[in-house]
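Participant: Just the structure for this:
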Amino acid sequence: MNCNYPDLCALSAPRLAAIALRDEDVIKAFTRFNSLREMEDAPVEDIMAAGLTREQAESLKAALELGKRLANEPRPKKAIFGAADIAELLGPEMSKYDREHFKVVMLDTRNQVIGVETVAIGTLNMCPAHPREVFKTAILNSAAAVIIAHNHPSGSPSPSPEDIALSKRMQRAGALIGIDVLDSIVIGEAPTYMSLKQMGVL
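Facilitator: Below you'll find the predicted structure:
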């Protein structure tokens, strides 16, 4: 799960509810139900039975309904116009990894992101990835094109000869099945990155 507010992500559901509703009493309701889903399905009267007033129980139900609506609301797609957009999308997370991770960013016909998947995790200085994993994921997501990316835990985004060879292999494989590999990005220590397309390698 991605989290824009790590301090909040570390909190339990009861504590989050208490903060959101500014009411410590709502924590009582969490001792009566085994899950948020069970609480969501319960009538207000059952939540009140945990020792809450009707107003408190209704406030808790309203908060659960908001969470449900947020989960069902589609995120706007991000359009990718160049390597800097990929670095902005992936860099903050990937620059913190202590091992190499190989990701594929899947795009639709308008270069909008339809998915990001980790297809391989390697060691401190290598990440063996195979076109099979990259394009299986792309095909399942009906991607028109992909951008591949991996990080260098050393902090230097300079691509190795192996990085270049693998990127070219991915590009050739994509050409065979009709899915363009638009770029290969190496993520270093934030905010550094290098684009093999910009280097003239791809």
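
Participant: how much space between the nearest residue to residue 119 once chain neighbours are set aside and residue 12?
Facilitator: Closest residue in space to residue 119, ignoring its immediate chain neighbours: residue 133 at 4.1 Å, by C-beta to C-beta, 6 or more residues apart in numbering. Yep, even glycine has a C-beta here, placed from its N, CA and C like the rest. Separation of residue 133 from residue 12 (C-beta to C-beta, to the nearest Å): 36 Å.

Participant: Comparing these two, which residue is more hemmed in?
Facilitator: More crowded of residue 133 and residue 12, by other C-beta atoms under 10 Å: residue 133, with 15 against 10.

Participant: Now do that one against residue 196, distance only.
Facilitator: On the measure of C-beta to C-beta, residue 133 and residue 196 end up 19 Å apart.

Participant: ok, now which ones touch residue 29?
Facilitator: By C-beta atoms under 8 Å, 6 or more residues apart in numbering, the contact set of residue 29 is 17, 39, 47, 50, 52, 57, 60.

Participant: Mind doing that once more with 6 Å?
Facilitator: Neighbouring residues of residue 29 by C-beta atoms under 6 Å, 6 or more residues apart in numbering: 47, 50, 52, 60.

Participant: what does residue 174 give?
Facilitator: Contacts for residue 174 (C-beta under 6 Å, 6+ apart) come out as 180-181.

Participant: Doesn't it belong to a helix?
Facilitator: Yes: under DSSP: H, G, I helix; E, B strand; the rest coil, residue 174 falls within a helix.

Participant: show me where this structure has helices.
Facilitator: Assignment of helices within the chain using DSSP state H yields the ranges 6-9, 13-21, 36-41, 44-48, 54-72, 83-94, 131-140, 161-177.

Participant: Point out the one among these that comes closest to residue 153.
Facilitator: In terms of C-beta to C-beta, the element of the helices of the chain nearest to residue 153 is helix 83-94, at 9.6 Å.

Participant: State the distance from residue 87 to residue 200.
Facilitator: With distances taken as C-beta to C-beta, residue 87 is found 18 Å from residue 200.

Participant: same question but for residue 156, I mixed them up
Facilitator: Plainly put, residue 156 is 19 Å away from residue 200 if you go by C-beta to C-beta.

Participant: okay, those two: which has more neighbours?
Facilitator: More neighbours surround residue 156 than the other of residue 156 and residue 200, with 13 against 7 (other C-beta under 10 Å).
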